[in-house]
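Asker: pasting the structure only:
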DNA sequence: TACTTATTAGTACCAACTACTAAGACCAAG
DNA sequence: CTTGGTCTTAGTAGTTGGTACTAATAAGTA
């Protein structure tokens, strides 16, 4: 099999280091079958610190930071809302979390962002997710800003169908179709 | 202040490094007001590894702690695993999980539990969620114990289809069909 | 004083980098 | 086809925090 192209390699690099932050540039170069310089350029581009710094940050008690990244905080910042029509939120993955937790959590955070946005766009006090069809289209890299857009497709007195597309730049990383259930205040 | 004699210094050195393993020989030399060589002889005599090795061993411990902590945090406790076949986890909804917006947390945590379970059931180092079709069947209350069951429906060399059903007692609260993508890695 | 232990100085070497320059490879458009 | 851009590789100098070793010196003791 041929080598990966740059973007793929960089995505895989993030992934690799998230599961195993103890790899040297040399080992990574052999793994991806590229030169050590390429790995270093990749790290530079992705803002990934060198081995010793990675290890040091793991060793120091960054576990508190990581622990604090619970799901309810990861809903992203809602930047625009047009009630019952559409909404936008932004979620930036911080580098301190990514190495350890990112792998497991990626799917969960993208879903959480989208789900929260769906709740926010509906102008009702109680909004529940009923069902969803979701796709994780593309990997998210370190420090990527995930911009999520929710658009209400249809809305009855109890159910809203909302389409969500999350992008990093121009690249779609996640999309989903959410069916939200809500109750009017006096129910 | 006079310098310590050898035995005292070495005892203090062990103490110092046990509370702060991040000190370089240079810093230690200044601290004890001896030459760097003395510190190195001390470490040699006491079988204390160099800074980087000390940090690495701390990092490895820390990583395991964090991993189990964050996994437990997100997934609940995985109680049974039959690799590549099925797995079960239990997640108890605490107040903190429902803290801001009950409904938001509910969806995200149920999804997170299911998603994590799908990652755990596949015996591969890197497992990513590709897509999912999920249903939030019934509401979950605080202190409910959500028992999630994942069953691998089919599995190729790259993709696994997993069915997840989450229940509180006998009542189904969530179900989902997950398409997981994984990579074999010989490292 | 001679002997032993403790300390210091200094050299060569290493891993795993950073930061930089320069050149070649590859593809895409004018 | 050639020019330009990105991508990749090569190579050098310098850094940190060491190891491993030799040699000289200082301090304490018989």
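Answerer: Cool, got the structure. Being a predicted model, the structure only gives us computed values, none of them experimental. Numbers count the residues shown, from 1 in each chain, chains lettered A, B, ... in the order given.
Asker: outline the domain layout of chain A.
Answerer: Chain A breaks down into these domains under automatic domain parsing: A:6-59, A:64-183.
Asker: least confident of those, on average?
Answerer: Per-stretch mean pLDDT for the domains of chain A is lowest at domain A:64-183 (a mean of 80).
Asker: now whichever strand or helix holds residue A:176: buried residues?
Answerer: Taking DSSP states H and E as the criterion, residue A:176 maps to strand A:171-183. Going by neighbour count (16 or more other CB atoms under 10 Å in any protein chain shown), the buried part of strand A:171-183 is A:173-176, A:178-182. Where C-beta positions appear, they are placed from N, C-alpha and C, glycine not excepted.
Asker: and it, which strands flank it?
Answerer: strand A:126-136 (antiparallel), strand A:159-168 (antiparallel) (DSSP bridges).
Asker: those: which one's closest to residue B:84?
Answerer: strand A:126-136 (20.7 Å; CB to CB).
Asker: check whether stretch A:28-36 comes near DNA strand D.
Answerer: Yes: applying CB under 7 Å from any atom of the strand, one finds stretch A:28-36 in contact with DNA strand D at A:34-35.
Asker: before we move on, back to that, do you know which of the domains of chain A lies nearest residue B:51?
Answerer: Across the domains of chain A, residue B:51 has its closest neighbour in domain A:6-59 (9.5 Å, CB to CB).
Asker: centre of the chain versus the closest one, how much separation?
Answerer: 20 Å (CA atoms, centre = their mean, to the nearest Å).
Asker: quick one: is it near DNA strand C?
Answerer: Yes: residues of domain A:6-59 contacting DNA strand C under CB under 7 Å from any atom of the strand: A:24-26, A:37, A:40, A:43, A:49-52.
Asker: and the residues you listed, which two are furthest apart?
Answerer: For those, the farthest-apart pair by CB to CB is A:37 and A:52; their separation is 18.8 Å.
Asker: just to revisit the earlier point, restrict the residues of domain A:6-59 next to DNA strand C to contacts with chain B.
Answerer: Applying CB under 8 Å from any CB of the partner chain, the subset of those adjacent to chain B comprises residue A:52.
Asker: which of the residues of domain A:6-59 next to DNA strand C count as buried?
Answerer: A:25, A:43, A:51.
Asker: so residue A:7 lies in a strand, does it not?
Answerer: No: read with DSSP: H, G, I helix; E, B strand; the rest coil, residue A:7 is helix and lies in no strand.
Asker: which residues of chain A lie near DNA strand D?
Answerer: Within reach of DNA strand D by CB under 7 Å from any atom of the strand, chain A has these residues: A:3, A:5-6, A:9, A:34-35, A:37-38, A:41.
Asker: most neighbours, which of those residues?
Answerer: Within the residues of chain A next to DNA strand D, most neighbours by other CB atoms under 10 Å in any protein chain shown means residue A:9, with 19 neighbours.
Asker: go ahead and confirm it touches residue A:41.
Answerer: No: between residue A:9 and residue A:41 there is no contact under CB atoms under 8 Å: 10.6 Å.
Asker: which parts of chain A are strands?
Answerer: A:77-82, A:86-92, A:126-136, A:145-155, A:159-168, A:171-183 (DSSP state E).
Asker: counting neighbours, what do you get for the closest residue in space to residue A:176 that isn't next to it in sequence?
Answerer: Among residues not flanking residue A:176 along the chain, residue A:134 sits closest, at 3.7 Å (CB to CB, 6 or more residues apart in numbering or on different chains). Close neighbours of residue A:134, defined as other CB under 10 Å, add up to 25.
Asker: could you pull up phi and psi at residue A:123?
Answerer: When read as degrees, to the nearest 10, the backbone of residue A:123 gives phi -90, psi 70.
Asker: next one: it from residue A:181, what distance?
Answerer: The spacing between residue A:123 and residue A:181, counted by CB to CB, to the nearest Å, is 14 Å.
Asker: what sits against the residue nearest to residue A:176?
Answerer: Taking CB atoms under 8 Å, 6 or more residues apart in numbering or on different chains as the contact definition, residue A:134 lies against A:111, A:114, A:174-177, B:131-134.
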